[in-house]
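In: How does the following fold in three dimensions:
(one chain, ligands or ions: 1)
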Amino acid sequence: MIDLTDVSMRFKLPRDKVNSLKEYAVRALRGELKFEEFWVLDGISLNISRGEVVGLVGRNGAGKSTLLKIIAGILKPTRGMVRTGGTVAPMLELGSGFDQDLTGRENIFLNGAILGYSKQFLLSKYDEIVAFSELQDFIHAPIRNYSSGMLMRLAFSIATVVNPEILIVDEILAVGDAAFQKKSRQRMAELMSGGTTVLFVSHSMEQIQELCSRVVWLEDGKVKMTGSAQEVCRAYAGN
Ligand SMILES: Nc1ncnc2c1ncn2[C@@H]1O[C@H](COP(=O)(O)OP(=O)(O)OP(=O)(O)O)[C@@H](O)[C@H]1O
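Out: Numbering: from 1, shown residues only. Here you go, the predicted model:
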């Protein structure tokens, strides 16, 4: 379902401080810009089967979000191969794929289109998405007026109401109020029992142990350990 072979990702950061876009362009044209290159992911191979719920753990900066973005097709790895079978619903940075100036309703269609759903399909699911998000009273307001919890509810509702085959979640369950967190956990459990493959990042060992069938521990861009939730969480916590 998700197949990663020797996936590596290199980022380049400018070494010198550049004060304006103009200065950047001039120096780039003159070949004066110096970059520092670093590998954020280094030779990741991973195989995730249909219906598995896999958690990713690791310190800040270990490369977890980068790996999720690569699997979601948002970033292209510098090296290696990624294969995914099925529709992928990524819930990554809060509000990515949203337009601040559009209303909640318009963003459902925009975000849905980015996820690859047709307008007709989204129309048929629209009421369900709004009901799940509990944003009926705000759905015709521009989302710049939404709180971060409201945005998260909208993103979660769009991504999950449509029964994706692969769900990719970056820490989203930590956002939102207690009632919505409970509801979203139930929804995740439903998806998981319905055969959706789930890959998610969490810093909560409790959440990882509650939800995951397998855990992958990333360190310095490499897979340090992979195994059952209990096994990996114990090793990670003791590290
Ligand atoms: N677009 C980018 N350009 C340059 N460097 C980046 C870019 N995106 C991420 N990085 C760097 O890559 C490293 C890994 O980042 P990533 O967000 O994948 O880590 P993470 O494991 O998800 O961390 P956290 O637990 O803090 O969310 C960090 O050092 C980060 O600064």
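In: now the residue nearest the centre of the chain, nearest residue through space, not along the chain?
Out: Nearest to the geometric centre of the chain sits residue 92, at 3.1 Å (Cα atoms, centre = their mean). In space, and not counting its chain neighbours, residue 92 is closest to residue 170: 4.9 Å by Cβ to Cβ, 6 or more residues apart in numbering. From N, CA and C alone the C-beta is placed, and that goes for glycine too.
In: and what of residue 37?
Out: residue 12 (5.2 Å).
In: Work out for me the element that neighbour sits within.
Out: Here residue 12, judged by DSSP states H and E, is contained in strand 2-14.
In: contacts for that strand?
Out: 24, 33-48, 63, 66-67, 70-71, 75, 77-85, 166, 197, 199, 221 (Cβ atoms under 8 Å, 6 or more residues apart in numbering).
In: Equivalent analysis for stretch 148-157, please.
Out: For stretch 148-157, using Cβ under 8 Å, 6+ apart, the contacting residues are 91, 94-95, 97-98, 104, 107-108, 111, 129-130, 132-135, 138, 143, 146, 172, 175-177, 180, 184, 187.
In: Type out the PyMOL command that picks the buried ones from those residues.
Out: To isolate the buried members of those in PyMOL, using 16 or more other Cβ atoms under 10 Å:
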select buried, resi 91+95+97+98+104+107+108+111+129+130+132+133+135+138+143+146+172+175+176+180+184+187
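In: Could you list the low-pLDDT ranges of the chain?
Out: Along the chain, segments meeting pLDDT under 70 span 93-96, 172-176.
In: go with 80
Out: 14-17, 33, 90-97, 115-116, 162-163, 171-176, 192, 239 (pLDDT under 80).
In: In it, what residue spans correspond to helices?
Out: 21-29, 64-71, 104-114, 119-133, 148-161, 178-193, 205-211, 229-237 (DSSP state H).
In: out of these, nearest to the ligand?
Out: Closest to the ligand of the helices of the chain is helix 64-71 (Cβ to the nearest ligand atom; 3.3 Å).
In: Please save the CA atoms from that closest one in CSV.
Out: Backbone C-alpha positions of helix 64-71 (Å, rounded to 0.1, in the frame of the first residue of the first chain) are rendered in CSV as follows:
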residue,chain,number,x,y,z
LYS,A,64,8.9,13.0,10.6
SER,A,65,6.9,15.7,8.9
THR,A,66,9.2,15.7,5.9
LEU,A,67,8.6,12.0,5.5
LEU,A,68,4.8,12.4,5.7
LYS,A,69,5.0,15.2,3.1
ILE,A,70,7.0,12.9,0.8
ILE,A,71,4.4,10.1,1.1
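In: Show residues contacting it.
Out: 2, 4, 7, 9, 40-41, 44, 56-58, 75-77, 82, 84, 88, 90, 92, 168, 170, 199, 201, 218.
In: ok, now stretch 109-116?
Out: 87, 89-90, 97-99, 102, 119, 121-122, 155, 158-159, 162, 164.
In: do you know how far the residue of the chain positioned farthest from its centre is from residue 55?
Out: Relative to the C-alpha centroid of the chain, counting by Cα atoms, centre = their mean, residue 30 is the outermost residue, at 37.7 Å. As judged by Cβ to Cβ, to the nearest Å, residue 30 and residue 55 stand 47 Å apart.
In: before we move on, what about residue 45?
Out: For residue 45, the distance to residue 55 - Cβ to Cβ - is 18 Å.
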